[in-house]
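> below are the sequence and a predicted model for it; my questions follow.
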Amino acid sequence: MTADGKIDRRIDFVGTLAQLQATFPSPQFPPGTWAWCTDFGFVTWNGATWSMQNSSTVAANIGNTQGTGTLINAELCNITATAAAAILLPASVPGMFATLHNISAFTVLVFPSAGGTGTEKINALAANAGYSMATNTSTMVTCAVAGQWYTVPRTAS
């Protein structure tokens with residue numbers, strides 16, 4: 001950590017978001033303090049939770065399975081695909097959200113993390129099932145309770 005995290009609002013940290021949350025579950029840093037995590041890139045302390053930052057373009061992996069999905073790494077993601085493909089949400093943590101734009105000409109399956117609670121869900125889908133995101137559509141996913149993501153707007157699924 002640089003100094004005490006209060007001078008330059010940066011924490012020198014090497015590890016995953018889950019490890020950061022375990023190390024600093026409720027740090028006494030000012031909102032806006034940031035760290036780099038190996039699984040999500042920049043994350044920022046908002047005064048209540050660590051949240052992903054930035055925007056990125058994510059190339060969805062061909063395979064259409066949870067195991068082959070590309071992990072999203074930002075709160076705002078443009079998703080590209082060269083065929084039917086999959087992306088993977090991070091392990092759900094209350095307060096997390098991401099806005100997803102499928103800018104490809106292919107349907108993309110959005111899967112919850114298999115590494116979170118082990119039985120994570122999107123809307124009313126079965127645990128670990130993929131949410132189908134049609135071509136050229138957008139959605140936001142939010143988490144209020146660990147293990148459950150909801151799309152905005154919420155759709156019957």
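That came in fine, so what should we check first? Numbers count the residues shown, from 1 in each chain.

> against residue 10, how distant is residue 134?
Distance from residue 134 to residue 10, counting by C-beta to C-beta, to the nearest Å: 39 Å. Every residue, glycine included, has its C-beta placed from N, CA and C.

> of those two, who's got more company?
Between residue 134 and residue 10, counted using other C-beta atoms under 10 Å, the more crowded position is residue 10 (16 against 10).

> if we ignore the residues flanking it in sequence, what's nearest residue 140?
residue 152 (4.2 Å; C-beta to C-beta, 6 or more residues apart in numbering).

> list the contacts of that neighbour.
Contact analysis of residue 152 by C-beta atoms under 8 Å, 6 or more residues apart in numbering lists 139-142.

> let's see that with 7 Å instead.
Residue 152 is in contact with 139-140, 142, counting by C-beta atoms under 7 Å, 6 or more residues apart in numbering.

> got a winner among the residues you listed for most neighbours?
For these, neighbours tallied by other C-beta under 10 Å; top is residue 139, 20 neighbours.

> ok, residues contacting the host helix or strand of it?
Under the criterion of DSSP states H and E, residue 139 resides in strand 137-145. Residues from elsewhere that reach strand 137-145, judged by C-beta under 7 Å, 6+ apart: 89, 92-102, 133, 149-152.

> check which residues of the helix or strand that comes right after it are buried.
Downstream of strand 137-145, the next assigned helix or strand under DSSP H and E is strand 148-152. Using 16 or more other C-beta atoms under 10 Å as the test for burial, strand 148-152 gives 148-151.
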